[in-house]
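*Asks:* give me a model of this one.
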Amino acid sequence: MKKLFLLSIVLVSQAAAAQIQVWSNSFNTPADLQGWTTHDLNNNGNGWVQGQNIYLNGTALTYGTSGTLRYSTSLVPSGTVPSLATENDWIISPQINLEGASGTINLAAYIGRQRTTHLNFGRDVYIYVSTPQKPVPTLADFQAMTVDGSGNDIPSPYRIIAGTLSNPFPTDLTQFKENLIDISAFAGKKIYIALWSNRKTTGNNLQNINIDEMAIYASTFLGTKDLKKKENLTKITENPVKEFLQLQLNPDFNGNKTEVNIYSVAGQKVLSVPYNKSVNVASLQAGMYIAEVSDGKTTERLKFIKK
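*Replies:* Here you go, the predicted structure:
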């Protein structure tokens, strides 16, 4: 059903009408967690996983057929995970590039529950903005967002949630409910998203959540149409590309400090390597990509087609 929900975000939801998909993850296979990092801080073997959704089929918990990002304190076919009192588990996304996004930007999540007695489920969303001084966050950077200097909890201003009066769950436990949060404040930024499960009595980090898909939509996204008006001095010598992306580097770049990051047109980083005249892209699927070449001072972006 997730594809129907993806259509609904464009055709039905007024907040996301006519928006362009910038990034998404369907969580259909373990490979969809490539680049994500997980942290089981209480070391009980329980945490965020990619897997089939879990739901009560009338008599017992069972696996469904939807690939999800799942956090569950229940074991299937029965039982519970040990040592649940101190759950402290994080999952952090790879970098999400919103540099070409502007206007209204929405993070969409498709949330499912395990039982009809679970009235509402959600998750606080922590968002870190990448900077030149610290492009990649650590777990400690996200943990710092949860408490103030006196150790008091800080509620996240961003949360995904379903099951409320304004956004009720469907009765069918195998179905998912769409929820949108406005993240327009992060337009033009590179961000990381983190989710936390901590079993605290306060907050929005309820357990046993199934997330069928997450996506980001923007009312304007430059994508491959208008990446940079200034002419790039770095050139791709052969395009489309079969196995190797051949680059002729801008002579003003410091080759020893230059990196090549490759993004899908949805803005998801799929490859990051030090500069080389010949970058191996054989593992990429066929389609359109954006190569970002930077030496830390100057950045150029070039689009190419992978055969």
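*Asks:* please count neighbours and contacts with C-alpha atoms only from this point.
*Replies:* OK.
*Asks:* please parse the chain into its domains.
*Replies:* Dividing the chain into domains by the TED database, as the record does, gives the ranges 20-221, 235-306.
*Asks:* mind showing which ranges of this structure have poor pLDDT?
*Replies:* Per-residue confidence for the chain (pLDDT under 70) gives these ranges: 1-18, 83-85, 200-206, 223-232, 265-267.
*Asks:* helices of that one, start to end?
*Replies:* Assignment of helices within the chain using DSSP state H yields the ranges 2-11, 139-143.
*Asks:* quick one: residue 60 and residue 119, what's the gap?
*Replies:* For residue 60, the distance to residue 119 under the criterion C-alpha to C-alpha, to the nearest Å works out to 18 Å.
*Asks:* between the two, who's got more neighbours?
*Replies:* For residue 60 versus residue 119, the count of surrounding residues by other C-alpha atoms under 10 Å is larger for residue 119: 13 against 10.
*Asks:* tell me who's in contact with the more buried one.
*Replies:* By C-alpha atoms under 8 Å, 6 or more residues apart in numbering, residue 119 lies in contact with 163, 164, 169.
*Asks:* closest to residue 54 out of those?
*Replies:* Within the set of these, residue 169 lies nearest residue 54; the separation is 15.3 Å, counting by C-alpha to C-alpha.
*Asks:* right, and the closest one touches residue 163 too?
*Replies:* Yes - the pair formed by residue 169 and residue 163 meets the contact definition of C-alpha atoms under 8 Å, at 4.8 Å.
*Asks:* tell me who's in contact with the residue of the chain positioned farthest from its centre.
*Replies:* Taking C-alpha atoms, centre = their mean as the measure, the residue most remote from the mean C-alpha position of the chain is residue 251, 35.2 Å away. If a contact means C-alpha under 8 Å, 6+ apart, then residue 251 has residue 233 as its contacts.
*Asks:* related to what we said a few turns ago, can you pull the residues that touch both of residue 169 and residue 163?
*Replies:* The contact lists of residue 169 and residue 163 share 119, 120, where a contact means C-alpha under 8 Å, 6+ apart.
*Asks:* skipping adjacent residues, who's closest to the residue nearest the centre of the chain in space?
*Replies:* Relative to the mean C-alpha position of the chain, the nearest C-alpha, by C-alpha atoms, centre = their mean, is the one of residue 93, at 5.1 Å. Excluding its sequence neighbours, the residue lying closest to residue 93 (C-alpha to C-alpha, 6 or more residues apart in numbering) is residue 36, at 4.6 Å.
*Asks:* also residue 103?
*Replies:* Leaving aside its chain neighbours, residue 103 sits nearest to residue 219 (5.4 Å; criterion: C-alpha to C-alpha, 6+ apart).
*Asks:* okay, and the beta partners of residue 161?
*Replies:* Counting by DSSP bridges, residue 161 is bridged to residue 122.
*Asks:* how much space between it and residue 181?
*Replies:* Taking C-alpha to C-alpha as the measure, residue 161 falls 9 Å from residue 181.
*Asks:* who has more neighbours, those two?
*Replies:* Taking neighbours as other C-alpha under 10 Å, residue 161 and residue 181 compare with residue 161 leading, 25 against 18.
*Asks:* that one against residue 111, yeah?
*Replies:* Yes - between residue 161 and residue 111 there is a contact at 7.5 Å, judged by C-alpha under 8 Å.
*Asks:* where do the contact lists of the two overlap?
*Replies:* Here residue 161 and residue 111 share the contacting residues 121, 122, 179, scored by C-alpha under 8 Å, 6+ apart.
*Asks:* specify which member of these is nearest to residue 138.
*Replies:* Of all these, residue 138 sits closest to residue 122, with 23.6 Å by C-alpha to C-alpha.
*Asks:* burial count for the closest one?
*Replies:* 25.
*Asks:* please report how far it lies from residue 196.
*Replies:* Between residue 122 and residue 196 the distance is 11 Å, computed by C-alpha to C-alpha.
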